[in-house]
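Asks: I need the structure of the sequence given here:
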Amino acid sequence: MKILGILGGHKRDGLTAQMLTNVLSGVSDPHTTETIYLEDFQFHPDLPGHRDPVLDQLTVKLLESDVWVLAAPTYWGGLAGQMKDFLDCMRGRLVRFDHNGGTHPDRFKDKHYLSITSCYAGTVENFLTGVTDASFRTIDKIMSAAGLIKINELVLPGTLKMTTLPKSKQQLCTHWGQKLTTKTKRDDNTVKRYIELFCMVAVMALITMGVQLLLHLIPIGQFWSIYATFVIIFFVLLASILHFFTVVKHRRR
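Replies: Take a look at the predicted model:
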């Protein structure tokens, strides 16, 4: 298995780069790693009738890799420009467009990715306001469109006066580097999980309300209408909460 680190930042040895290095250091033999420092590549968008040769080179590296580790700082509440520019230039290669302009996963489908970012905002501020959320959302939106499956995300807040990656973050990054090669290759089963969740809610509600019916706590004539509305409302609320904490609310500490 090959792990490809993609670094989009102004410093080759900055804190975000240190996080990426620690992640890749956790990958053990016989698996291999490689790092792309985007500042070393002068790429440009493809033009009609002319494919950018630098993007061709980078595309080969992406295709040869099983897992991508995308690392870029958060500036002004958004993804660092070099990484965003790279993903923008790769747009026509990451996805396939239909005749209506809709995007569909193409040759990178079912690869995996881990995202890394950092910010000046402190831990408390980032936790409360989600300064780094926009960076993760940008990466997630693009990777999801390309059909990649997310492994995890790592964040380092409070970098304003920091020069060296804290020991705890070094260990966390190394830990996830070790796990990159143990991820089971699978399709995204999100829809399947929501269906399973709905079935579990329906069964548990039926048992609970069945007991209430036996205890004469629910009118028998209204049982099914009460049951149906309860299952739907409970499922929507539970699914919304789970979606918030697993998708919308990104890692902030």
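
Asks: Residues contacting stretch 239-253, please?
Replies: 123, 126-127, 130-133, 136-137, 140, 152-155, 157, 194, 197 (C-beta atoms under 8 Å, 6 or more residues apart in numbering). Using the backbone N, CA and C atoms, a C-beta is placed for each residue, glycine as well.

Asks: Any idea how far apart the tips of that stretch sit?
Replies: 24 Å (C-alpha to C-alpha, to the nearest Å).

Asks: Likewise for stretch 244-253?
Replies: 17 Å.

Asks: same thing with stretch 124-134?
Replies: For stretch 124-134, the end-to-end distance is 17 Å (C-alpha to C-alpha).

Asks: Return the set of buried residues in it.
Replies: Under the neighbour-count criterion of 16 or more other C-beta atoms under 10 Å, stretch 124-134 has 126-127, 130-134 buried.

Asks: how far out from the middle of the chain is it?
Replies: Its chain's average C-alpha position is 16 Å from that of stretch 124-134, according to C-alpha atoms, centre = their mean, to the nearest Å.

Asks: again with stretch 103-120
Replies: That offset, for stretch 103-120, works out to 6 Å (C-alpha atoms, centre = their mean).

Asks: Just the C-alphas of that stretch, formatted as PDB.
Replies: What follows is stretch 103-120, C-alpha atoms only, in PDB (Å, rounded to 0.1, in the frame of the first residue of the first chain):
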ATOM      1  CA  THR A 103     -20.100  15.700 -11.200                       C
ATOM      2  CA  HIS A 104     -19.600  12.000 -10.700                       C
ATOM      3  CA  PRO A 105     -16.800  10.000  -9.100                       C
ATOM      4  CA  ASP A 106     -14.300   8.700 -11.600                       C
ATOM      5  CA  ARG A 107     -10.900   6.900 -11.500                       C
ATOM      6  CA  PHE A 108     -10.100   7.900  -7.900                       C
ATOM      7  CA  LYS A 109     -13.300   6.300  -6.500                       C
ATOM      8  CA  ASP A 110     -12.900   4.300  -3.300                       C
ATOM      9  CA  LYS A 111      -9.500   5.600  -2.400                       C
ATOM     10  CA  HIS A 112      -9.200   6.900   1.200                       C
ATOM     11  CA  TYR A 113      -8.000  10.200   2.600                       C
ATOM     12  CA  LEU A 114      -7.000  11.800   5.900                       C
ATOM     13  CA  SER A 115      -7.100  15.600   6.200                       C
ATOM     14  CA  ILE A 116      -4.900  17.900   8.400                       C
ATOM     15  CA  THR A 117      -5.100  21.600   9.100                       C
ATOM     16  CA  SER A 118      -3.800  24.100  11.700                       C
ATOM     17  CA  CYS A 119      -4.800  27.700  12.700                       C
ATOM     18  CA  TYR A 120      -3.700  30.600  14.900                       C
END
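
Asks: Near residue 209, how many other residues are there?
Replies: For residue 209, the tally of surrounding residues (other C-beta atoms under 10 Å) stands at 18.

Asks: same question, residue 109
Replies: Around residue 109 there are 15 residues (other C-beta under 10 Å).

Asks: so what's it closest to, chain neighbours aside?
Replies: With C-beta to C-beta, 6 or more residues apart in numbering as the criterion, residue 109 has its nearest non-adjacent residue at 3.2 Å, and that residue is residue 147.

Asks: repeat for residue 105
Replies: Distance criterion C-beta to C-beta, 6+ apart; nearest residue to residue 105, sequence neighbours excluded, is residue 147 at 2.6 Å.

Asks: Please tell me how far the one you found sits from residue 60.
Replies: 18 Å (C-beta to C-beta, to the nearest Å).

Asks: returning to that earlier point: for the residue nearest to residue 109, give me phi and psi.
Replies: phi 90, psi 10 (degrees, to the nearest 10).
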